[in-house]
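Enquirer: Got a predicted structure here, sequence first:
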Amino acid sequence: MDISAVQKEYESLKAKGLKLDMSRGKPSPEQLDLSLGMLTINAYKDETGADARNYSHLEGLPEAREFFAPLLGVTAAECIVGGNSSLELMYHCVNLQPKRGKWICPVPGYDRHFRVTEKLGYELISVPMTANGPDMNAVEKLAGDPDVQGIWCVPKYSNPDGYTYSDETVTRLASMKTANPDFRIFWDNAYSFHYLDPEKQDYLLNILDECRAAGNEDRPIIFGSTSKITFAGAGVAALGASANNIKAISDYLSAMTIGFDKINQLRHVRFFKAEGGVDSHMKKHAAILKPKFQIVLDIFESEFRDCPELAYWTTPRGGYFISLFLQPGNAKKVVQLCKDAGVTLTGAGAAYPYGIDPEDRHIRIAPSYPSITELNQAAKLLALSVKLVGSNN
């Protein structure tokens, strides 16, 4: 590797005055445009005659519950359809736990998950992620502690690695012994339909079915939303759970609200029915996202072919992110070099509890928002920055 040539190329890109943002998994304007037709829908009564303009239906419009339930793998009676934020539903459900204690956090993971449990006073315990899901030996050992209250899971096309939990992982989570009878699995299936290739979709076992078969039907709470399917700031969130959990969550929410935005719920249902379903809509997203992921992966492959010791990365089949792993101690320096040249990345350590990556080696890459031209520049600059920092080791 000719480091002087790398430095020259880095300075050339820096001189362009770039202002590129790859810090979060935001849908691009082209993706948001796919749902513009929803704004012309003015229906206000669902198929049962329920009026979306009025009070009532805390758990969601009947038609909305019927529509979203199978997307979560539950029945309509096991489904609550909420407002625009699944994270808000998660926050309330964590707050429902009978006491504070410890929470299991597979790493690297979703920073906002970790922030919820940190904010509510939990001690965050890291366990390593693998290509099959969290290290189950570590999880099962921690579950033997009565102070451990639950675990965060992004089971399909995980944030940020893009992994999907294996059947073995799902069944072990469902059936493992826990010292705490109120132990909960927070199953954030946020990327369930976010494949990159319709012909190569991952399969995930139904966690509620597996828990029910193991005699632990109250263990999982399943979350999802349309935030990266329709409008990121105006989608619809939903959760699925056992009858006992649905009752407890409904009782809790009833003190907070009379009901969520049912007009938006109905608008989404009618839009998807007109579009031919969620899967039909997601094929359009995949056509936009797949080339962007491929650009990043191709640049990494090309730039690190002759210096593989500097970096390795995941190759997702879906989701919104790529995990980039560097030599220990290099992530913060690389993020800063990119920032100096006008490319904003997610902060090093963000995918770990308390924002601290003990080895300072992980960077979450979010290819969705930039244009193709911008992405080429940003990925190239990132690779150059990795080489410059790595050459000083």
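Expert: Yep, that arrived. As the structure is a computational prediction, the values presented were derived from the model and not from experiment. Numbers count the residues shown, from 1 in each chain.
Enquirer: what residue is smack in the middle of this protein?
Expert: residue 159 (4.6 Å; CA atoms, centre = their mean).
Enquirer: what sits against that one?
Expert: Neighbouring residues of residue 159 by CB atoms under 8 Å, 6 or more residues apart in numbering: 25, 109-110, 190-191, 319-321. The C-beta positions use only the backbone N, C-alpha and C, and glycine is treated the same way.
Enquirer: Closest one of these to residue 9?
Expert: Relative to residue 9, the closest of the contacts of residue 159 is residue 321; by CB to CB it sits at 25.9 Å.
Enquirer: Show me what the longest helix along the chain is packed against.
Expert: Under DSSP state H, the helix in the chain containing the largest number of residues is helix 278-303. Judged by 3 or more CB pairs under 8 Å, 6 or more residues apart in numbering; DSSP states H and E, helix 278-303 is in contact with helix 29-33, helix 262-275, strand 311-313, strand 322-326, helix 372-390.
Enquirer: Counting neighbours, which bits of stretch 177-185 end up buried?
Expert: For stretch 177-185, the neighbour count (16 or more other CB atoms under 10 Å) marks 178, 180, 183-185 as buried.
Enquirer: Now render the residues you listed as JSON lines, adding pLDDT, secondary structure and distance to residue 272.
Expert: Formatted as JSON lines, these follow (pLDDT from 0 to 100; DSSP: H, G, I helix; E, B strand; the rest coil; distance: CB to CB, whole Å):
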{"residue": "178", "pLDDT": "98", "secondary structure": "coil", "distance to residue 272": "37"}
{"residue": "180", "pLDDT": "97", "secondary structure": "coil", "distance to residue 272": "38"}
{"residue": "183", "pLDDT": "97", "secondary structure": "coil", "distance to residue 272": "34"}
{"residue": "184", "pLDDT": "98", "secondary structure": "strand", "distance to residue 272": "29"}
{"residue": "185", "pLDDT": "98", "secondary structure": "strand", "distance to residue 272": "27"}
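Enquirer: Out of these, give me the two with the largest separation.
Expert: Of all pairs in the buried residues of stretch 177-185, the most separated under CB to CB is 180 and 185 at 12.1 Å.
Enquirer: tell me which residues form a beta bridge with residue 362?
Expert: residue 325 (DSSP bridges).
Enquirer: Tell me which stretches of the chain form strands.
Expert: 20-22, 79-81, 102-107, 123-130, 133-134, 148-153, 184-188, 220-225, 237-240, 311-313, 322-326, 343-345, 362-365 (DSSP state E).
Enquirer: want to throw the ones you listed into TSV with distance to residue 66?
Expert: Formatted as TSV, those follow (distance: least, CB to CB, whole Å):
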stretch	distance to residue 66
strand 20-22	38
strand 79-81	8
strand 102-107	32
strand 123-130	35
strand 133-134	30
strand 148-153	26
strand 184-188	21
strand 220-225	15
strand 237-240	11
strand 311-313	41
strand 322-326	36
strand 343-345	41
strand 362-365	36
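Enquirer: can you pull the contacts of residue 380?
Expert: 13, 299, 303.
Enquirer: how about the residues you listed in a markdown table, adding neighbour count, pLDDT and distance to residue 221?
Expert: Compiled in a markdown table, these are given as follows (neighbours: other CB atoms under 10 Å; pLDDT from 0 to 100; distance: CB to CB, whole Å):
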| residue | neighbour count | pLDDT | distance to residue 221 |
| --- | --- | --- | --- |
| 13 | 18 | 91 | 45 |
| 299 | 18 | 97 | 39 |
| 303 | 20 | 96 | 42 |
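Enquirer: Dump the residues you listed to CSV, plus distance to residue 142.
Expert: Formatted as CSV, the contacts of residue 380 follow (distance: CB to CB, whole Å):
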residue, distance to residue 142
13, 45
299, 38
303, 39
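Enquirer: Let me know the closest of the residues you listed to residue 89.
Expert: residue 299 (37.3 Å).
Enquirer: need the contact list for the closest one.
Expert: Applying CB under 8 Å, 6+ apart, we find residue 299 in contact with 376, 379-380, 383.
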